[in-house]
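>>> sharing a sequence plus its predicted fold:
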Amino acid sequence: MNSICHVISGYFRNDARVFLRQCKSLHNNGFHVTILTNDGSPDEVLDGIPVYDCGKPWPRWKTLAAATRQFLDKALEINADIYQLHSPELLPLGLALKRAGKKVVYDAHEDMPRHLLEKEWLPHFSRRIVSSAFERYMLRALRQYDGIVSPHSHVVANLNQLLGKGLLIANFPLIANNWDFGEDQFVRRSNILCYSGTVYSYSNQEEIVSALNDFDDLEYHIAGYIDEEHGKRLAMMPGGDKVKFHGRLSRPDLHAFYEAALIGVVVYDYKLNLGNKLGSYGTNKIFEYMEAGIPFICTDYQLWQDIVERYDCGICVPPGDVAAISNAIEYLVSDKARAYRMGQNGRRAIIEEFNWSSEEKKYVELFNKLMEAA
């Protein structure tokens, strides 16, 4: 049986992109799929997919410096036909696997060279030097790889221009949940604004909490990882008493979380890693809101604004603009019937266009072609 091993470092073994979309799609299309990780948890089988751990987890800094040494022996023991790597520190591992005669695919989850330009822990004077050095190494390594995928349009365009290879695989949702509810049910929902996923320093949480001050009967619910100190700072802000932190939720609990919400929100800064004002299909939050049938407030990225304008399913705002966020909330909570229609428009967009089935075909076809070329 054709075999594929996904090697992940720094991601959960049941990650939404790696496991739920990619691994399960390959498994369902007849490939033998395994996952190799370094999270220190026991080996197990998830939905028919074996997950192997490299052993005692290393400190993060050591993995970044010497991931090949951590992963290589176990990766070769698995002896897959194709390996897909999911983190930049695994680029040298891919070269070692190529020397062993294996085919290798890289998933550029981030635009890492641009990401390094924005890393706050790097001294400002060194960021351009580090970014340039990493990009030169990355391109030399990827030139030897057999395939590259990414959820970022600008990353794919750049790699196609420089290397002649790159395939856009967006994080569109898997349509599996039943989100059928009528307008009467929706308008009875409490005024709950929700955010799901990791809370980043650039996700405008301070601005969102500041906007809560304009409302007497609005709650803001956050589901996902947040740095403890960041959470404390938000809770101490004016309006922070309206914030409820849920932590990272299971899929069933996340379903219930969305069922209670009136509005979704994801307002990111213009980040080079996200294509600056272009935006990216790598952020799946707006698509999850759309699938759940709730309207959303989002950054006025070009890619997102195009979706909003075509389907009338949300409101775009400039990042950092508290008044714009407040006005968008007011518009939606003051006319819940209109908000319901916008949510249903978003649901229709997911069913018609922005769903994983279209991405799955491209993704599986890539591996079929690589197997045929073996």
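Right, received. Where do you want to start?
>>> all helices of the stretch 1-150 of the chain, in order?
Remark: helices assigned in the stretch 1-150 of the chain by DSSP state H, counting those that start in this stretch are 24-28, 60-78, 91-99, 112-117, 127-142.
>>> distance of the nearest residue to Leu366 once chain neighbours are set aside from Asn368?
Excluding its sequence neighbours, the residue lying closest to Leu366 (C-beta to C-beta, 6 or more residues apart in numbering) is Gly147, at 5.6 Å. For every residue, glycine as well, the C-beta is placed using N, CA and C. Separation of Gly147 from Asn368 (C-beta to C-beta, to the nearest Å): 12 Å.
>>> more neighbours, these two?
Neighbour count, other C-beta atoms under 10 Å: between Gly147 and Asn368, Gly147 has more, with 19 against 13.
>>> so how far is Leu72 from the more buried one?
Distance, Gly147 to Leu72, using C-beta to C-beta: 20 Å.
>>> equivalent analysis for Cys298, please.
Counting by C-beta to C-beta - Cys298 and Leu72 are separated by 41 Å.
>>> quick one: which of these two has more around it?
Neighbours were counted for Cys298 and for Leu72 using other C-beta under 10 Å; Cys298 has more, 26 against 17.
>>> so what's the more buried one up against?
Listed by C-beta atoms under 8 Å, 6 or more residues apart in numbering, the contact set of Cys298 reads Val265, Val266, Val267, Ile286, Trp304, Val308, Gly314, Ile315, Cys316, Val317.
>>> on the three-state scheme, the first one is what?
Counting by DSSP: H, G, I helix; E, B strand; the rest coil, the backbone at Val265 sits in strand.
>>> what about it, how many neighbours?
28.
>>> next: Gly314.
29.
>>> surely it touches Thr299?
No: counting by C-beta atoms under 8 Å, Gly314 sits too far from Thr299 to count as a contact (10.6 Å).
>>> measure the residue nearest to Leu366 to Ala80 for me?
14 Å.
>>> for stretch 130-137, give me every contacting residue.
Pro88, Leu91, Met112, Pro113, Arg114, Leu116, Leu117, Leu122.
>>> got the contact list for the last one?
Put plainly, it is Leu122. So Leu122 contacts Leu116, Val130 (C-beta under 8 Å, 6+ apart).
>>> going by residue numbers, what spans are strands in the protein?
3-7, 32-37, 44-46, 49-53, 82-85, 103-107, 147-150, 167-168, 192-196, 219-223, 243-247, 263-266, 296-299, 314-317 (DSSP state E).
>>> reformat these as a markdown table; add mean pLDDT and distance to Tyr202.
Output for those, formatted as a markdown table (pLDDT from 0 to 100; distance: least, C-beta to C-beta, whole Å):
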| stretch | mean pLDDT | distance to Tyr202 |
| --- | --- | --- |
| strand 3-7 | 98 | 28 |
| strand 32-37 | 97 | 27 |
| strand 44-46 | 97 | 32 |
| strand 49-53 | 97 | 31 |
| strand 82-85 | 98 | 26 |
| strand 103-107 | 98 | 22 |
| strand 147-150 | 98 | 20 |
| strand 167-168 | 97 | 23 |
| strand 192-196 | 97 | 13 |
| strand 219-223 | 97 | 15 |
| strand 243-247 | 95 | 18 |
| strand 263-266 | 98 | 11 |
| strand 296-299 | 98 | 10 |
| strand 314-317 | 98 | 15 |
